[in-house]
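[1] Using only what follows, build the 3D model:
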Amino acid sequence: MDSAVSSLLGAFLLSIIGLLVFIWSLRKGLLVENPRAASAIFARGEVGHTDDPALTPTARRRFQAAATEPGDARHVPDAQEIADRIAADRSSAFPVFMFIAFACLWLLLGGIAGLTASLKLHWPDWLVSEAWMTFGRIRTVHLTAVLYGWITNAELAIIIWLMPRLLRRPLIGSMWIMIGGALVNVAIASGIGAIGAGWTDGMEYLEMPWQIGIFFAAGMVCIIVPVMYTLVNRKVESLYVTTWYHTAALLWITMLFIVGKMPGVHFGVQQAAMNWWYGHNVLGLWFTPVAVGAIYYFLPKIIARPIRSYNLSILGFWTLAFFYAQVGGHHLVGGPVPGWLVTLSIVQSMMMIVPVLAFGINMALTMNGRMRLARYSPTLRFVMFGGAMYLLSSLQGSFEALRSVQQVAHFTHFTVAHAHLGAYGFVTMVLFGAIYFMMPRILHWEWPFPKLISWHFWLAAIGIATYFVGLTYGGWLQGLAMLDEARPFMDSVAVTIPWLQWRSVGGALMVASHLVFVGHFLAMALRFGPDRVGAALFSQRHRVPELAHGE
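    All right, here's what the predicted structure looks like:
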């Protein structure tokens with residue numbers, strides 16, 4: 001345990017030092033509220049011009065009318081800044097399209113594998129003729145396909161698309177990014193094949209064998225270098241908060257993965273400590289910062305209003321960085337680890353309330369009096385739903401870390417429900433909204449069937465609500481049954497069966513939403529349906545939607 005204890009304690013001390021430096025900077029006035037920075041995502045004259053590329057022209061006019069407020073002055077956006085944005089979008093179009101296409105592939109595969117695993121919990125004799133069909137393998141295929149295939153590819157697409165926009169310069173080294181994306185997806189496909197064959201490293205979220213993980217790490221390095229080079233050669237003076245979140249997330253996930261996959265280093269209890277250090281940080285230092293950064297861009301961009309407090313957004317970023325690193329230790333409650341290690345994790349879990357509330361208050365102030373706009377904008381609906389679920393899942397996670405709650409919830413389906421609320425209700429819903437916004441700018445082609453976006457939203461939202469509520473209640477009943485010494489263990493299994501069936505209903509709705517989403521994506525990419533703007537990316541003839549929206 002010596003190396004694990006030393007590394008965890010060292011990370012905690014660094015967090016405390018960083019927090020003290022941050023407090024000192026506040027006292028010295030180094031973070032005075034900066035309205036100019038909050039408006040950095042807009043071109044001059046663009047504030048007040050709503051922007052949702054998923055809408056039809058008629059719906060766009062209704063949205064603009066609903067969003068217009070007394071005193072708004074309508075200016076024509078600065079032509080040069082719009083031209084810079086168009087050049088930035090063109091420079092990233094091919095790699096971003098590649099990542100989104102891979103993400104859609106893995107979303108379908110991962111969703112079907114997840115539904116299969118869910119059904120096997122109450123149909124245990126279904127699909128047992130082959131080893132790769134067993135629950136242990138099919139669930140792990142689901143995890144790898146969704147966490148690495150869907151979420152990681154979609155988040156890389158968002159980072160690579162937003163960075164040039166925020167830095168106001170074309171992407172540098174797009175070919176290296178595409179090579180990196182190919183390596184990442186070769187690793188994902190090979191890892192899923194290895195897991196199906198029974199070859200894994202046996203740690204949750206780290207099942208991919210380290211020999212295959214080398215390709216994933218190499219791919220991430222190939223992506224990081226061009227992104228950082230673009231950042232260094234930026235044309236803006238100050239960095240918008242989204243850039244902070246996305247740059248840090250890229251560096252964090254690469255470091256986390258390399259440390260987690262080092263062969264011959266982690267053994268026994270030390271391996272368990274490292275596993276949950278990685279397992280929680282891949283959520284909090286990769287999935288979360290990219291999704292939160294995306295909300296900070298897309299939500300104000302759609303409603304055409306800067307975020308209310310730029311300082312609160314920076315506070316949320318730094319406190320996330322300070323407090324999240326040691327959160328995973330609460331998964332080892334009752335394990336053979338030092339009590340102080342678990343207590344440290346619980347304390348930092350509770351401290352995570354600070355960045356979550358900073359985000360929640362900022363979004364509430366920004367949307368104050370504008371919540372009705374979700375009726376008009378399907379993209380905004382996804383982003384707002386994801387933001388609300390971030391607040392709910394994070395607050396639930398903080399209190400779930402307490403020993404009194406862990407006593408009941410530990411090793412139950414309650415934890416599974418919480419994980420899906422974060423990974424799906426929060427992260428995935430934000431990713432859907434971002435892709436709906438991005439794709440018309442990438443392909444120079446509008447979504448052919450806008451009504452399908454609403455179908456997708458309601459299927460996904462009702463699906464995750466059914467999944468979460470049913471499994472949360474069933475998991476709590478399961479925990480209470482296991483704590484009752486007078487009841488046999490099988491009672492804790494039997495009490496969950498009805499709720500596992502509801503889990504499968506929710507999962508089926510989510511998979512149906514994925515079929516709608518991916519089918520709509522293919523229709524757009526292949527130019528099926530109404531021609532509402534112009535030709536696709538692969539044609540020389542096109543109109544630029546950037547000039548058609550928000551005016």
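[2] Just give me the residue closest to the centre of this protein.
    Nearest residue to the geometric centre of the chain (CA atoms, centre = their mean): residue 427, 3.4 Å.
[3] Quick check: residue 156 touching residue 181?
    Yes - Residue 156 lies in contact with residue 181 (CB atoms under 8 Å); the separation is 6.9 Å. Every residue, glycine included, has its C-beta placed from N, CA and C.
[4] more crowded one of the two?
    Remark: of residue 156 and residue 181, residue 156 carries more neighbours, 29 against 23, as counted by other CB atoms under 10 Å.
[5] pLDDT of stretch 142-155, averaged?
    Averaging pLDDT along stretch 142-155 yields 97.
[6] go on, stretch 45-58?
    Stretch 45-58 comes out at a mean pLDDT of 86.
[7] now the longest helix belonging to the chain, how far from the chain's geometric center?
    Secondary structure of the chain per DSSP state H: the longest helix is helix 79-122. Taking the mean of its C-alpha atoms, helix 79-122 sits 12 Å from the chain's own mean (CA atoms, centre = their mean, to the nearest Å).
[8] Average the pLDDT values over that helix and round to the nearest integer.
    95.
[9] Show me what it is packed up against.
    helix 135-144, helix 153-167, helix 174-196, helix 429-443, helix 497-525 (3 or more CB pairs under 8 Å, 6 or more residues apart in numbering; DSSP states H and E).
[10] Make JSON lines out of the ones you listed and add distance to residue 63.
    Listed next are the helices and strands packed on helix 79-122 as JSON lines, based on distance: least, CB to CB, whole Å:
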{"stretch": "helix 135-144", "distance to residue 63": "37"}
{"stretch": "helix 153-167", "distance to residue 63": "21"}
{"stretch": "helix 174-196", "distance to residue 63": "33"}
{"stretch": "helix 429-443", "distance to residue 63": "13"}
{"stretch": "helix 497-525", "distance to residue 63": "20"}
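[11] For residue 232, find the nearest of those.
    helix 153-167 (9.5 Å; CB to CB).
[12] Okay, buried residues for the helix or strand harbouring residue 278 please.
    Taking DSSP states H and E as the criterion, residue 278 maps to helix 268-282. Neighbour counts over helix 268-282 (16 or more other CB atoms under 10 Å) mark 270-282 as buried.
[13] Alpha carbons of that helix, as PDB, please.
    Coordinates of each C-alpha in helix 268-282 appear next as PDB, following Å, rounded to 0.1, in the frame of the first residue of the first chain:
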ATOM      1  CA  GLY A 268      -3.600  -6.500  -4.400                       C
ATOM      2  CA  VAL A 269      -5.200  -3.900  -2.300                       C
ATOM      3  CA  GLN A 270      -3.000  -1.200  -4.000                       C
ATOM      4  CA  GLN A 271      -4.600  -2.300  -7.300                       C
ATOM      5  CA  ALA A 272      -8.100  -1.800  -5.800                       C
ATOM      6  CA  ALA A 273      -7.100   1.700  -4.600                       C
ATOM      7  CA  MET A 274      -5.700   2.600  -8.000                       C
ATOM      8  CA  ASN A 275      -8.700   1.100  -9.800                       C
ATOM      9  CA  TRP A 276     -11.200   3.300  -8.000                       C
ATOM     10  CA  TRP A 277      -8.900   6.300  -8.300                       C
ATOM     11  CA  TYR A 278      -9.100   5.800 -12.100                       C
ATOM     12  CA  GLY A 279     -12.700   4.600 -12.100                       C
ATOM     13  CA  HIS A 280     -14.100   7.800 -10.500                       C
ATOM     14  CA  ASN A 281     -11.600  10.100 -12.100                       C
ATOM     15  CA  VAL A 282     -12.500   9.000 -15.700                       C
END
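[14] hmm, back to that, show me the one of the helices and strands packed on helix 79-122 that comes nearest residue 50.
    Here helix 429-443 is closest among those (CB to CB), at 12.1 Å.
[15] circling back to that earlier point, what sits up against the helix holding residue 278?
    Residues outside helix 268-282 that contact it (CB atoms under 8 Å, 6 or more residues apart in numbering) are 1, 3-4, 8, 147, 203-206, 252-253, 256-257, 259-260, 266, 324-329, 331-332, 335-337, 341.
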